[in-house]
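Enquirer: My questions are about this predicted structure, shown below with the sequence.
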Amino acid sequence: MRSDYSGFQLTALVVLRFAIGWHFFFEGVSKLVDPYWTSAGYLEESQGFMTGLFLDLAANPAALAFVDQLNVWGLILVGLGLMLGGLTRTATVFGIIMLLLYYLALPAWPGFEYTIPAEGEYLIVNKTLIELCALFVILFLPTGHLVGLDRLVRLARARGSVQESYA
Amino acid sequence: MSDDMRSGGEGKSNEPPPAEPPAEAPVEPPADASSADKPSGSGGMRRRDVLKALATVPVFGALGYTALRRRGLDADERQRLLEALGVEDEGAALLSELETRTHPDTIRVGIIGYGLEGESLVRSLGFAHPDWLEERRQAKLEDPRDSQLEEWLDQENLNVELTAVCDLFGVRAERAIAASTQPLRPGGDTRELKPAKRYRHYEDLLAAPDVDAVIIATPDHWHSRITVAAAEMGKHVYCEKCMTRTEDEVWPMADAVRSSGIVFQLGHQNRQMESHEKARQVVERGLLGPVTLVETTTNRNDPWGAWVWDIHEEGSPDTIDWDLFQEAAANKVPFSLERFFRWRCWYDYGTGLSGDLLSHEYDAVNQILDLGIPHSATASGGIYFFKDGRDVPDVWQAVLEYPDRDLTLVYSATLANGYERGIRMMGHDATMDVGERLKVTPDAASTRYAEMLEEGLLGTDRPMLTYQSGFKGVDAVTTATEEYFASRGLLFTYRGGKRVSTYYLHLREWLNCIRYGGTPSCNIDRGIEEAIACHMATKSYLEGRRVYWDPAQRRIV
């Protein structure tokens, strides 16, 4: 795993990782404490080739409850992972999957209009897609093993193998 | 920046750009993986490793603390606001779950008038015409958001049989018969049912021993006569609005219902709307202050909404009993397909906007404010858009005065514009918008909220209370008129988060009162108030003068 970053590079990457993590975490917690929150509205807005699946999910109360829980806890856990640098790789991959689903549910493609207001103007690239791209950077330029809980895991493993070799 | 970094960022955790790793520059010498991270001889981890591993924790802690504090402040503010308003934080618990029950005894229902409304009502009882099922399936294919069929199937099995039908148009009577045996029904009802029997005359239907209760969905000019006859036969009645076509028909109908003891429900399904119940609580708690003006409206902009309904291709003097149709009308005219199929356009059979839509709006306001019969009424309007031979206005305004309540109710309607307006209740302290969603906004000059407005706890730019029936699911309404109805709660409401037809709830309430006792929410007393209020406005329009209610003589003067 790569560790030859300069100080600025490492700092920039960790700040990016943490910022995305906080965004995920806070989105998740906000939904967790809001008794009225449901993903139904978002799913209902769905356009594009995955609309059918998303609408089916929204229409089925059991599926919707499951999706809601998955969403909330997915956001919280991915957020914690990215922020604290624990299981960073797994958290990053799950974060990418979630963002991909969010993007595909309401893609910013030409011709699609949504009733959920956007705070800017987007064509193809929206903030979800940019966050998704940023997570790819986090995935391929990992930092959890340098600054994060993964560092402890790595060291514990290394120590284990050293002790084994002593034995 | 780099000095800060070197001095160790862990203590500076509340800096907004987070995550400063307490790294020494250069952070990682290229070969450190083997040297620096190697466990020390004593077996413990180096302090530097632990610091790096936990570098982001303080930042997370600081952000988390800020978030918690913010949330605490928000919650405090909300609590203070609710206390000041005297409203408990009822939260999601407001949504009443719709309890389903099984009914051991069957109620045998007859339908008199299986037109557009009649078909909707019969379907809400559980008897859909096969065409409707096919339409819904197609609609679902075209728009996966359309869930009307599922919602209908989710209804309770009301244990009703459709045993009798009376319609003056053979095609419609046949449709009712087809619906009565159509095997797919809500609530897992799999009974094998006999087809409904067709009667040419409503009196024969009422005399049938296998009819316990009737739905009257005829044009308005028949409501009173048929209800009186039904009451005399001891048959329970669900009658469509407007309750009567004329003032004179009100009292015989009311007397017959009261003396017979039948269960009577008038078809104002808005009574089942959850948000109207909530609106009533808001008014009862005095959150609006003295309400002096209520504005209620109808805006529709499609021919269908203006009663230009389809003329059936098979409609002819041979298939329609025209003489019986106009028997109850004072003004006899030669056979007319327009008049038969678009009867709401003529005063001979209804009262236009008054009986069709002011009646709903008035009843909704009456449900929330208990207004009763107005002191006086004035109305004006004209036929300004649909110049198709009708004699009822398509733009029409009515002003109902309640000096005892220090309140005016203004109704304003056009059938040539679809702008959504809704019901608005204006009080000295706040304004409430009533629809499927409730919104209460404080008034800038409110006495009651002056302090809270001053403090910034309330603002006139934002509602202080909103209430939305908490639905979790997908929604679809198809036509403009359907959307209009849905926004007024005339099609759907929400119970326990599920969308439910208000027709169904209103019929169900009527059936439950027949079975288990009690009085329906839109009983004969509410019906009298509705009919008199509408007839006052109609009379004012037709006579071009202000009319008054004389409570001693019980008549409009």
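Expert: That came in fine, so what should we check first?
Enquirer: What ranges in chain A fall below the confidence cut-off?
Expert: Flagging of chain A using pLDDT under 70 yields the residue ranges A:35-36, A:115-119, A:162-167.
Enquirer: what about the residue sitting nearest the centre point of chain A, is that helix, strand or coil?
Expert: Geometric centre of chain A, nearest residue: A:G95, 2.4 Å, by CA atoms, centre = their mean. Three-state assignment for A:G95 (DSSP: H, G, I helix; E, B strand; the rest coil): helix.
Enquirer: Quickly find the element holding the nearest residue in space to it that is not next to it in sequence.
Expert: Leaving aside its sequence neighbours, A:G95 sits nearest to A:V78 (CB to CB, 6 or more residues apart in numbering or on different chains; 4.5 Å). Heads up, the C-betas are built off the backbone N, CA and C, glycines and all. Taking DSSP states H and E as the criterion, A:V78 maps to helix A:61-84.
Enquirer: Could I get the full set of strands for chain A?
Expert: Counting by DSSP state E, no segments of chain A form strands.
Enquirer: sorry, that was for the stretch 301-450 of chain B
Expert: Under the criterion DSSP state E, counting those that start in this stretch, the stretch 301-450 of chain B contains strands at B:376-382, B:395-402, B:407-414, B:423-427, B:430-434, B:437-442.
Enquirer: how about JSON lines for the ones you listed, with mean pLDDT, mean neighbour count and distance to B:S259 added?
Expert: Formatted as JSON lines, those follow (pLDDT from 0 to 100; neighbours: other CB atoms under 10 Å in any protein chain shown; distance: least, CB to CB, whole Å):
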{"stretch": "strand B:376-382", "mean pLDDT": "98", "mean neighbour count": "19", "distance to B:S259": "29"}
{"stretch": "strand B:395-402", "mean pLDDT": "98", "mean neighbour count": "22", "distance to B:S259": "30"}
{"stretch": "strand B:407-414", "mean pLDDT": "98", "mean neighbour count": "21", "distance to B:S259": "32"}
{"stretch": "strand B:423-427", "mean pLDDT": "97", "mean neighbour count": "21", "distance to B:S259": "35"}
{"stretch": "strand B:430-434", "mean pLDDT": "93", "mean neighbour count": "23", "distance to B:S259": "36"}
{"stretch": "strand B:437-442", "mean pLDDT": "83", "mean neighbour count": "21", "distance to B:S259": "39"}
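Enquirer: so which of those strands gets nearest chain A?
Expert: Closest to chain A of the strands of the stretch 301-450 of chain B is strand B:437-442 (CB to the nearest CB; 12.8 Å).
Enquirer: Buried residues in the next helix or strand after the closest one, which are they?
Expert: Per DSSP H and E, the first helix or strand lying C-terminal to strand B:437-442 is helix B:450-455. For helix B:450-455, a neighbour-count test (16 or more other CB atoms under 10 Å in any protein chain shown) marks B:M452, B:L453 as buried.
Enquirer: Can you pull the poorly scored residue ranges out of chain B?
Expert: In chain B (pLDDT under 70), the answer is B:1-45, B:78, B:82, B:84-100, B:468-498.
Enquirer: can you do 80?
Expert: Counting by pLDDT under 80, chain B shows low-confidence ranges at B:1-45, B:70-101, B:143-145, B:274-275, B:436-438, B:457, B:462-500.
Enquirer: quick one, longest helix in it?
Expert: helix B:57-85 (DSSP state H).
Enquirer: what distance separates that helix from the centre of its chain?
Expert: 36 Å (CA atoms, centre = their mean, to the nearest Å).
Enquirer: Compute the inter-axis angle for the longest helix along chain A and helix A:61-84.
Expert: When chain A is parsed with DSSP H, its longest helix is helix A:7-33. What separates the directions of helix A:7-33 and helix A:61-84 is an angle of 150 degrees, with axes from the mean of the first three to the mean of the last three CA atoms, to 10 degrees.
Enquirer: coming back round to it: got the contact list for the residue nearest to the centre of chain A?
Expert: A:I20, A:F24, A:V78, A:L82, A:L135 (CB atoms under 8 Å, 6 or more residues apart in numbering or on different chains).
Enquirer: how far away is it from A:V14?
Expert: Distance, A:G95 to A:V14, using CB to CB, to the nearest Å: 16 Å.
Enquirer: circling back: need the strands of the stretch 301-450 of chain B in TSV with distance to B:V228, can you?
Expert: Below are those laid out as TSV (distance: least, CB to CB, whole Å):
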stretch	distance to B:V228
strand B:376-382	26
strand B:395-402	27
strand B:407-414	29
strand B:423-427	33
strand B:430-434	34
strand B:437-442	39
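Enquirer: closest to B:G544 out of the ones you listed?
Expert: Evaluated over these, closeness to B:G544 peaks at strand B:376-382, with 8.2 Å, by CB to CB.
Enquirer: I'd like to know which elements that closest one is packed against.
Expert: If contacts are counted by 3 or more CB pairs under 8 Å, 6 or more residues apart in numbering or on different chains; DSSP states H and E, strand B:376-382 sits against strand B:395-402, helix B:524-543, strand B:547-550.
Enquirer: what are the pairing partners of that strand, and which direction each?
Expert: strand B:395-402 (antiparallel), strand B:547-550 (antiparallel) (DSSP bridges).
Enquirer: Turn these into CSV, columns for distance to B:L153.
Expert: Output for these, formatted as CSV (distance: least, CB to CB, whole Å):
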stretch, distance to B:L153
strand B:395-402, 39
strand B:547-550, 46
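Enquirer: what's around B:D255, how many residues?
Expert: 13 (other CB atoms under 10 Å in any protein chain shown).
Enquirer: Which strand or helix spans it?
Expert: Here B:D255 sits within helix B:250-260, counting by DSSP H and E.
Enquirer: Nothing else from me, thank you.
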